[in-house]
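Trainee: Predicted model and sequence follow; I will ask about them next.
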Amino acid sequence: MRITLPLFICMLALTAMVPTSAVAQEPATDPLTWDDVPREGQRPNGAPFTFDLQTETDGVPLKPRSGFPADHNWWVLKQTLHGGMQEGVQLIEVNNGAIRFTIIPTRGMSIYNVVSGDLELGWQSPVKQMVHPQHIDLNDHGGLGWLTGFNELMVRCGVAFAGHPGEDDGKMLTLHGRIGNIPAHDVSVAVDSKPPHRIRVRGKVSERMFKFSQFDLWTEVSTVPGSHSIQINDLLVNKSEYSQEYQVIYHTNFGRPLLEKGATFVAPIKTLAPFDAYAAKDLSTYATYLGPTRDYGEQVYCARLHSNATGQTAVMLKNADGSQGAGIQYATGTLPYFTLWKNTDTEADGYVTGLEPGTGYPYNRSVERVEGRVPKLAADQHVRFALDIEVLKDRAAVENFEQRVKSIQANRQPSVSQNPPRTEQEETPK
């Protein structure tokens, strides 16, 4: 059962964005609002139509208003979930006429899925509900409580810390940080008035704790009507008067129907190494997948990727016969590391793989710092992250995207190491 609960007041949208190579740190306007959030590569695109979700009815689609071409058959739907641990979770579903996707403002603006016809990007987690953060104890099971709500296509890990749980400087850090379990505020929906009429869903997620962190993450998930891709444009701001360490991993997860026996991961690999000894034993087959396998465990691989002249790289997952897939394109300037997570366990227990651009690898922050993979933001500075997720709905789309990856690789051979990229060896999982 779903009932109406208000989301948040819509705010004025800005202008169209195009993916560009990001700059690691730049001065930020103080205070930041949606009218002056600094974003690289913007192009004026007219005053947008905005929607005040407080005045809209839950479950009733918002549709194009006068002035939009007739072929722009898009809609935006807000919902509030009822029952069990998803009580009060708010969703925004966007249908651009070719694909539809669901954003969860209550869970840090995570993306639950992307659907194109009979192809759904996402995975079947044992966690069946969209769990409200109030039911998540991040310290549960020795810092693994994050897994209680883990079922999204894309969830951000970070931002004060990410990676494996454990102590760092006398403090217990939990798995993958807090940002994915912080409800967003200042959520807005807007549609550009001029072509290509980009649909934008924005929210602000604040990770703040007295004496420890003062981060604001300004998020935008957008799409062009009729396209088969979504764009994620995030801006992380350090609101402290001291420099702060930060870590971000875009944990992007795929299961059936793309993941199957013989499915393949494709990327322009510059360097590759196993996360631990358990992954090292299958290093030669890192790019291919088994079917559901009892007692498989987890295998993780750490990579650096080549990028093109504009600083962009591209990775993809394709099914066994190459007829469907998913691609991710992003800038390596602020996401210089990539993690491949393979968890081809049984269907009931989570048959899934993760393609994960990040500021580092998912070791505990204490390890990452020693290895020089924990960046800092100076006082009142910001960093940008931009990713495109594309549905590759047929063989032609798969082949075109794969050619894009190969053009970045440009016949360069990867440097492969048997040794994990850390000073001390990780224990082999039991």
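Mentor: Thanks, I have it.
Trainee: can I assume A386 sits in a strand?
Mentor: Yes. With DSSP: H, G, I helix; E, B strand; the rest coil as the criterion, A386 is assigned to a strand.
Trainee: Which helix or strand in this protein has the lowest average pLDDT?
Mentor: strand 26-27 (a mean of 37; mean pLDDT, DSSP states H and E).
Trainee: what is the mean pLDDT for the host helix or strand of L317?
Mentor: Using DSSP states H and E, L317 sits within strand 312-318. The average pLDDT within strand 312-318 is 98.
Trainee: which helices and strands does it pack with?
Mentor: Applying 3 or more CB pairs under 8 Å, 6 or more residues apart in numbering; DSSP states H and E, we find strand 312-318 packed against strand 264-266, strand 325-331, strand 351-358, helix 395-409. The C-beta positions use only the backbone N, C-alpha and C, and glycine is treated the same way.
Trainee: Any chance you could give me that strand in PDB, C-alpha atoms only?
Mentor: What follows is strand 312-318, C-alpha atoms only, in PDB (Å, rounded to 0.1, in the frame of the first residue of the first chain):
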ATOM      1  CA  GLN A 312      36.900  10.000 -19.900                       C
ATOM      2  CA  THR A 313      37.000   6.200 -19.500                       C
ATOM      3  CA  ALA A 314      34.300   3.600 -20.200                       C
ATOM      4  CA  VAL A 315      33.600   0.100 -18.800                       C
ATOM      5  CA  MET A 316      30.900  -2.400 -19.600                       C
ATOM      6  CA  LEU A 317      29.200  -5.600 -18.700                       C
ATOM      7  CA  LYS A 318      27.700  -7.700 -21.500                       C
END
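Trainee: ok and it relative to strand 325-331, angle-wise?
Mentor: 160 degrees (axes from the mean of the first three to the mean of the last three CA atoms, to 10 degrees).
Trainee: Strand 312-318 vs helix 395-409, what angle?
Mentor: 140 degrees.
Trainee: how about the helices in the stretch 151-300 of the chain?
Mentor: 277-280 (DSSP state H, counting those that start in this stretch).
Trainee: can you give me the strands for it?
Mentor: For the stretch 151-300 of the chain, the strands defined by DSSP state E, counting those that start in this stretch occupy 154-159, 166-168, 171-173, 185-191, 199-209, 213-223, 229-238, 244-245, 247-254, 264-266, 269-274, 299-305.
Trainee: so can I have JSON lines of the ones you listed showing distance to G291?
Mentor: Output for those, formatted as JSON lines (distance: least, CB to CB, whole Å):
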{"stretch": "strand 154-159", "distance to G291": "24"}
{"stretch": "strand 166-168", "distance to G291": "33"}
{"stretch": "strand 171-173", "distance to G291": "35"}
{"stretch": "strand 185-191", "distance to G291": "40"}
{"stretch": "strand 199-209", "distance to G291": "36"}
{"stretch": "strand 213-223", "distance to G291": "32"}
{"stretch": "strand 229-238", "distance to G291": "29"}
{"stretch": "strand 244-245", "distance to G291": "40"}
{"stretch": "strand 247-254", "distance to G291": "15"}
{"stretch": "strand 264-266", "distance to G291": "14"}
{"stretch": "strand 269-274", "distance to G291": "22"}
{"stretch": "strand 299-305", "distance to G291": "15"}
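Trainee: sorry, back to before: now tell me what touches the strand holding L317 from outside.
Mentor: Outside strand 312-318, the residues within contact range by CB atoms under 8 Å, 6 or more residues apart in numbering are 19, 21, 254, 258-259, 263-268, 305-307, 324-332, 338, 353, 355, 392, 398, 401-402, 404-405, 408.
Trainee: try it again with 7 Å
Mentor: 19, 254, 258, 263-268, 305-307, 325-332, 353, 355, 398, 401-402, 404-405, 408 (CB atoms under 7 Å, 6 or more residues apart in numbering).
Trainee: now stretch 348-358
Mentor: Here stretch 348-358 has contacts from 123, 125-126, 248-256, 259, 289, 292, 315, 317, 328, 330, 335, 337-345, 387, using CB under 7 Å, 6+ apart.
Trainee: of the residues you listed, buried ones?
Mentor: 123, 125, 248-256, 259, 289, 292, 315, 317, 328, 330, 335, 337-345, 387 (16 or more other CB atoms under 10 Å).
Trainee: Within its sheet, name the partner strands of the strand holding L317 and how each one runs.
Mentor: strand 264-266 (antiparallel), strand 325-331 (antiparallel) (DSSP bridges).
Trainee: Quick one, which of these gets closest to Q244.
Mentor: strand 325-331 (21.7 Å; CB to CB).
Trainee: Just the CA trace of that closest one, in PDB.
Mentor: Extracted C-alpha coordinates of strand 325-331, given in PDB (Å, rounded to 0.1, in the frame of the first residue of the first chain):
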ATOM      1  CA  GLY A 325      24.700  -5.000 -21.700                       C
ATOM      2  CA  ALA A 326      25.300  -1.900 -19.600                       C
ATOM      3  CA  GLY A 327      28.000   0.700 -19.900                       C
ATOM      4  CA  ILE A 328      29.400   3.300 -17.500                       C
ATOM      5  CA  GLN A 329      31.400   6.300 -18.700                       C
ATOM      6  CA  TYR A 330      33.100   8.600 -16.200                       C
ATOM      7  CA  ALA A 331      36.000  11.000 -15.600                       C
END
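Trainee: ok, then the element right after it?
Mentor: strand 337-344.
Trainee: helices or strands up against that following strand?
Mentor: strand 299-305, strand 351-358 (3 or more CB pairs under 7 Å, 6 or more residues apart in numbering; DSSP states H and E).
Trainee: How far does it sit from its chain's centre?
Mentor: 14 Å (CA atoms, centre = their mean, to the nearest Å).
Trainee: Other residues contacting that strand?
Mentor: Contacts with strand 337-344, where a contact means CB under 7 Å, 6+ apart, come from 249, 265, 286, 289-290, 292-293, 296, 298-305, 350-362, 373.
Trainee: G122 reaches N113, doesn't it?
Mentor: Yes. Between G122 and N113 there is a contact under CB atoms under 7 Å: 3.7 Å.
Trainee: Now do the shared contacts for these two.
Mentor: Shared contacts of G122 and N113, counting by CB under 7 Å, 6+ apart, come down to L153.
Trainee: Would you reformat the strands of the stretch 151-300 of the chain as a markdown table and include mean pLDDT?
Mentor: Shown next, in a markdown table, are the strands of the stretch 151-300 of the chain (pLDDT from 0 to 100):
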| stretch | mean pLDDT |
| --- | --- |
| strand 154-159 | 98 |
| strand 166-168 | 97 |
| strand 171-173 | 96 |
| strand 185-191 | 84 |
| strand 199-209 | 93 |
| strand 213-223 | 95 |
| strand 229-238 | 96 |
| strand 244-245 | 98 |
| strand 247-254 | 98 |
| strand 264-266 | 98 |
| strand 269-274 | 98 |
| strand 299-305 | 98 |
